[in-house]
Structure formats: structure tokens, C-alpha cells
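1. Provided below for reference: sequence and predicted model.
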Amino acid sequence: MSEPRPTRVEVEQQVQEVSAWYSEQIFQERRSGTPDAERLKVLRDRLAACIADQEALQDANEEQVAELAARYAARLKELGGQ
């Protein structure tokens, strides 16, 4: 029996959680005494990718939703360890 496919709403929540993590990191980096410009760029680029994925999710087919779900589940797991 295969696992149930994630819903669009579940994936939107995952993307929002990752986006919130990047936003918080950007905020903290900016507040540091000497912000790391390269880290800020990476964080902003990743946040922009989240926004693009969230927009793409609106028209995504089941396969694309599943792909985004897998990507963001892995990213959440990765970020949880940081």
C-alpha cells in the first residue's frame, strides 16, 4: 500500500514554515553587530525560492505537489537540526 499523497494545503504549510525560518534568520543576521553579507544573500535567495515555489504550487499537478512536499520535508528536517 502506498503512502497518501500530501495535500496542497500541507505543502503550503511546509513552505510557510521554511519561509518563516529564513525570514527569522535574515532578521537575526541584520541585527547582529556585523552582518555577514554573503549569508544574507544566501538567505534572501532561499526565501525568494520559497516564494516562487509557493506561487508555483497554485498551478501544480499532483506529481509537482509531491515533489515540493518531499523537498520541503527534507528542508524542514535539515533546518530543524540547525
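-> Cool, the structure landed.
2. helices of the protein, start to end?
-> Using DSSP state H, the helices of the chain run over residues 8-31, 37-57, 62-80.
3. need those in JSON lines with mean pLDDT and mean neighbour count, can you?
-> For every residue, glycine as well, the C-beta is placed using N, CA and C. Shown next, in JSON lines, are the helices of the chain (pLDDT from 0 to 100; neighbours: other Cβ atoms under 10 Å):
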{"stretch": "helix 8-31", "mean pLDDT": "97", "mean neighbour count": "16"}
{"stretch": "helix 37-57", "mean pLDDT": "97", "mean neighbour count": "14"}
{"stretch": "helix 62-80", "mean pLDDT": "95", "mean neighbour count": "14"}
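4. so how far is residue 57 from the residue positioned nearest the centre of the chain?
-> Nearest to the geometric centre of the chain sits residue 18, at 3.5 Å (Cα atoms, centre = their mean). Distance of residue 18 to residue 57, given as Cβ to Cβ, to the nearest Å: 13 Å.
5. relative to residue 12, how far out is residue 20?
-> 12 Å.
6. residues touching the closest residue to residue 36 other than its chain neighbours, list them.
-> Spatially, and ignoring its direct neighbours in sequence, residue 36 is nearest to residue 29 (6.4 Å; Cβ to Cβ, 6 or more residues apart in numbering). Shown in contact with residue 29 (Cβ atoms under 8 Å, 6 or more residues apart in numbering): 35, 36, 39, 40, 43.
7. grab the nearest non-local neighbour of the first one.
-> Read it as residue 35. Per Cβ to Cβ, 6+ apart, closest to residue 35 is residue 29, 5.1 Å.
8. gap between residue 73 and residue 32?
-> 30 Å.
9. before we move on, what about residue 82?
-> From residue 82 to residue 32 the distance is 16 Å (Cβ to Cβ).
10. pLDDT wise, what is residue 58 at?
-> As predicted, residue 58 sits at a pLDDT of 94.
11. spit out the contact partners of residue 64.
-> Residue 64 touches 56, 57, counting by Cβ under 8 Å, 6+ apart.
12. what sits against the residue nearest to the centre of the chain?
-> Counting by Cβ under 8 Å, 6+ apart, residue 18 has contacts 50, 72, 75, 76, 79.
13. right, I'll call it a day here.
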